[in-house]
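S.K.: Structure for the following, please:
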Amino acid sequence: MKRRLFQRIYVLLRTHPSFSGWLAFDTLSTIGSLMTNLAVYGTLERVQAGSTWFTLAYLSSTTPGVLAAFGARYYRAKFTIAQALLLANVLSSVALLITWLGYHEGNLALLLSSNLILSLLGGATSAHLALYFKRQFQSDEISLFTALDTTVFAIQSLFGTLLAVVLFALISVNMMILIDALTFILQGIALWYLTHRFASDFAATPAPSTQRLVFKALSAQQKQVLFMGPALALFGCAFLSLGPALVSAQHFASMQFGLAFTPVLVFTLCRTLGQLLGPVIAHYLPMQRLTQSFWMTPTTLVVFCSCYYIIAELSNLTAILVLVIAAHIVSNILSMLAFDGRLRFFDETQAPLVASLSHSFNMGVGTISALMISALVGIVSFQAAFAGLLILSVLLAGIWMIGFTRFKTVKPRA
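M.R.: Reported below is the predicted structural model:
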């Protein structure tokens, strides 16, 4: 009989102490960054910045990461895991200082620097973190680690956003940035300790740029894993960018939930709750078998798009919130399968390269998708745009099934 999920997670964390330490302080730092992010958007709203600045705020958190991940093959072999993480911590602190200066000088471009630099560092370190995870966890631990990683990310987002909203209503932006700075300092001290106490865990270096992925040499499962992330990003980023705007346009503004909890924020929190529930439900699913399945991805995408299409047709906020939770339970399970597959079906030399490519393509496809759907909504209604995405998901599902059925019958080339 399987042990309970939390018992298994406890054993996993005890077995990998360096990962436990890294996870704890990464959580602290992420919550701090969410506070600064809310402060930035709150400041843009307070000074009544134009839509161009809000678009730039979104792009600054995605596009730099695409470029950094795509160019990672030129520099990833120059740094060990420890060096990359410590350097990223220092540069993150510099970004925060520039953000503070931007707030005090009233310079919106400087204010957005934190998002921009954090995005760059996320793309630049994706290969190093993938290698660290690959070296840490055995094949029989990957599914549990994937569930843990996704759950922690959702908790970080949910708790961080809640805390940021409460503090934004109670303290100054200066104090929020100072709290974020303290989290970076604590994370830096912890990283220095962990990389010395568990030096062998952080000593590896990703493969040099000579390593290449030959698409024709990949198995059908490996090809599917490479396409899972971009397929989800194509629809996920479109709905992530337009979901709050849809709720705002539905005239729920008269409904208040206390403090700064507006309908749009509650919608965002329910979205995060769905991401949190996804790993809990996935624990009871045969993850390895689903990762190998060629029908799981297209089915999930159609269900995800169907939920948002129905959301666009509804005028009841409660029903909308229930559906957004369901939509992100489904999408988060697919995200877990993609992450699980990258660790399970690629070896230690391939995993960092695959992580860089995935980060680059996912963010690139997501950014283009969000911009295109935002432009489309300026021409047609939300309902028409979401119907178009649903139709596209059905077409993609058919192409996916036909294409991967063919890949399955073709043997990889050596």
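
S.K.: Distance from stretch 360-380 to the middle of the chain?
M.R.: Its chain's C-alpha centre and that of stretch 360-380 lie 16 Å apart, by C-alpha atoms, centre = their mean, to the nearest Å.

S.K.: Give the rounded mean pLDDT of that stretch.
M.R.: On average, the pLDDT along stretch 360-380 is 81.

S.K.: who's in contact with the residue nearest the centre of the chain?
M.R.: Residue closest to the average C-alpha location in the chain (C-alpha atoms, centre = their mean): Phe153, at 8.0 Å. Counting by C-beta atoms under 8 Å, 6 or more residues apart in numbering, Phe153 touches Gln275. Heads up, the C-betas are built off the backbone N, CA and C, glycines and all.

S.K.: Tell me which residues of the strand or helix carrying it come out buried.
M.R.: Element membership for Phe153 (DSSP states H and E) is helix 142-170. Neighbour counts using 16 or more other C-beta atoms under 10 Å place 142-165, 167-168 of helix 142-170 among the buried residues.

S.K.: tell me what the one helix or strand Val322 maps to is packed against?
M.R.: For Val322, the element it lies in under DSSP H and E is helix 317-344. Judged by 3 or more C-beta pairs under 8 Å, 6 or more residues apart in numbering; DSSP states H and E, helix 317-344 is in contact with helix 113-136, helix 142-170, helix 220-249, helix 263-282, helix 287-292, helix 296-313, helix 351-377.

S.K.: Tell me the spacing between Asn332 and Val11.
M.R.: Separation of Asn332 from Val11 (C-beta to C-beta, to the nearest Å) stands at 24 Å.

S.K.: re earlier: centre of the chain versus the helix holding Val322, how much separation?
M.R.: In this view, helix 317-344 has its centroid 12 Å away from the chain centroid, taken as C-alpha atoms, centre = their mean.

S.K.: Same check on stretch 180-199?
M.R.: Here stretch 180-199 is found 23 Å from its chain centre; the criterion is C-alpha atoms, centre = their mean.

S.K.: ok so, going back, report the angle between the helix holding Phe153 and helix 113-136.
M.R.: Following axes from the mean of the first three to the mean of the last three C-alpha atoms, to 10 degrees, one obtains 160 degrees for the angle between helix 142-170 and helix 113-136.

S.K.: any idea of the mean pLDDT in helix 142-170?
M.R.: 77.

S.K.: Show me what the helix or strand following that helix is packed up against.
M.R.: Downstream of helix 142-170, the next assigned helix or strand under DSSP H and E is helix 173-197. Counting by 3+ C-beta pairs under 8 Å, 6+ apart, the packing neighbours recorded for helix 173-197 are helix 17-46, helix 81-105, helix 142-170.

S.K.: Including distance to Met363, could these go into JSON lines?
M.R.: Formatted as JSON lines, those follow (distance: least, C-beta to C-beta, whole Å):
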{"stretch": "helix 17-46", "distance to Met363": "17"}
{"stretch": "helix 81-105", "distance to Met363": "17"}
{"stretch": "helix 142-170", "distance to Met363": "16"}
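
S.K.: where does the stretch 51-200 of the chain have low pLDDT?
M.R.: Scanning the stretch 51-200 of the chain with the threshold set as pLDDT under 70 gives 51-55, 58.
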